[in-house]
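Q: The sequence and its predicted three-dimensional model are supplied below.
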Amino acid sequence: DQQVKQNSPSLSVQEGRISILNCDYTNSMFDYFLWYKKYPAEGPTFLISISSIKDKNEDGRFTVFLNKSAKHLSLHIVPSQPGDSAVYFCAASGPGGTSYGKLTFGQGTILTVHP
Amino acid sequence: EAQVTQNPRYLITVTGKKLTVTCSQNMNHEYMSWYRQDPGLGLRQIYYSMNVEVTDKGDVPEGYKVSRKEKRNFPLILESPSPNQTSLYFCASTPLNQPQHFGDGTRLSIL
């Protein structure tokens, strides 16, 4: 039972354009959402997060949008750069935040940004 | 430098031979956890620990053991490894209410 789903295994975009990565969840108890980026041979690194009390959080080129009614979140990267090429994981946590509950991850989306 | 260190990074072994993957963090974080990454499944939590001597099961705990005798260490033990435990494993740590920091992973192959 995959509670967090990233339905696009891969995404290819041109440098300078927008990358949009999507994530859907089924558990309405999730109240904190995160995006991690992973390069080959390295562990995932935290990118950006959003609490369920917000619908948008921005950090430089990265913006996460949360639509609670649709149980959907998305990560926008503008403008995309070749160095953004990596696997992106969406993750969710239940009541209490990331340290008290389990982190449930999606399957990941491979982003390739072409020069 | 703040880091989560896993050892070994790579291991090929045989079914039934007990093994331990160590995880150590130098940030005095309370919370540590173990994940496995498999194609098409993302990362799934195996066990987590909220502090010394406090551990709990994640989503896929079968076949694994953990211990948390010291704050900095959280070893993952496979008492009798089987081929379905061939995977990429990540240890993570975090202070309270902060995103988790991950180690660089341990690739286990069990023949």
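A: Arrived safely, thanks for sending. Numbers count the residues shown, from 1 in each chain, chains lettered A, B, ... in the order given.
Q: use CA for all of it now, contacts and neighbours both
A: Fine.
Q: can you give me the strands for chain A?
A: A:4-5, A:10-14, A:19-25, A:32-38, A:45-51, A:56-59, A:62-67, A:72-77, A:86-93, A:103-105, A:109-114 (DSSP state E).
Q: Serialize those strands to JSON lines and add fields for mean neighbour count and mean pLDDT.
A: JSON lines is the format used below for the strands of chain A (neighbours: other Cα atoms under 10 Å in any protein chain shown; pLDDT from 0 to 100):
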{"stretch": "strand A:4-5", "mean neighbour count": "23", "mean pLDDT": "94"}
{"stretch": "strand A:10-14", "mean neighbour count": "15", "mean pLDDT": "97"}
{"stretch": "strand A:19-25", "mean neighbour count": "22", "mean pLDDT": "97"}
{"stretch": "strand A:32-38", "mean neighbour count": "22", "mean pLDDT": "95"}
{"stretch": "strand A:45-51", "mean neighbour count": "19", "mean pLDDT": "94"}
{"stretch": "strand A:56-59", "mean neighbour count": "14", "mean pLDDT": "97"}
{"stretch": "strand A:62-67", "mean neighbour count": "18", "mean pLDDT": "98"}
{"stretch": "strand A:72-77", "mean neighbour count": "20", "mean pLDDT": "98"}
{"stretch": "strand A:86-93", "mean neighbour count": "25", "mean pLDDT": "95"}
{"stretch": "strand A:103-105", "mean neighbour count": "27", "mean pLDDT": "88"}
{"stretch": "strand A:109-114", "mean neighbour count": "21", "mean pLDDT": "97"}
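Q: and B:Pro83, which of the ones you listed is closest to it?
A: strand A:103-105 (23.2 Å; Cα to Cα).
Q: Show me the one of the strands of chain A that comes nearest B:Glu62.
A: Here strand A:103-105 is closest among the strands of chain A (Cα to Cα), at 17.3 Å.
Q: Can you give me the pLDDT of the residue of chain A found nearest chain B?
A: Relative to chain B, the nearest point of chain A is A:Gln107 (3.7 Å; Cα to the nearest Cα). pLDDT for A:Gln107: 95.
Q: Grab the nearest non-local neighbour of it.
A: Nearest residue to A:Gln107, sequence neighbours excluded (Cα to Cα, 6 or more residues apart in numbering or on different chains): B:Gly42, at 3.7 Å.
Q: before we move on, what about A:Met29?
A: A:Gly94 is the one closest to A:Met29 (Cα to Cα, 6+ apart), at 5.6 Å.
Q: Give me the neighbour count for that neighbour.
A: 19 (other Cα atoms under 10 Å in any protein chain shown).
Q: ok, now B:Val66?
A: 22.
Q: Around the residue in chain B that chain A sits nearest to, how many other residues sit close by?
A: Relative to chain A, the nearest point of chain B is B:Gly42 (3.7 Å; Cα to the nearest Cα). By the criterion of other Cα under 10 Å, B:Gly42 has 22 neighbours.
Q: State the pLDDT value of it.
A: pLDDT, B:Gly42: 90.
Q: do A:Thr98 as well
A: 52.
Q: How about A:Asp31?
A: 88.
Q: any idea how far A:Asp24 is from it?
A: 13 Å (Cα to Cα, to the nearest Å).
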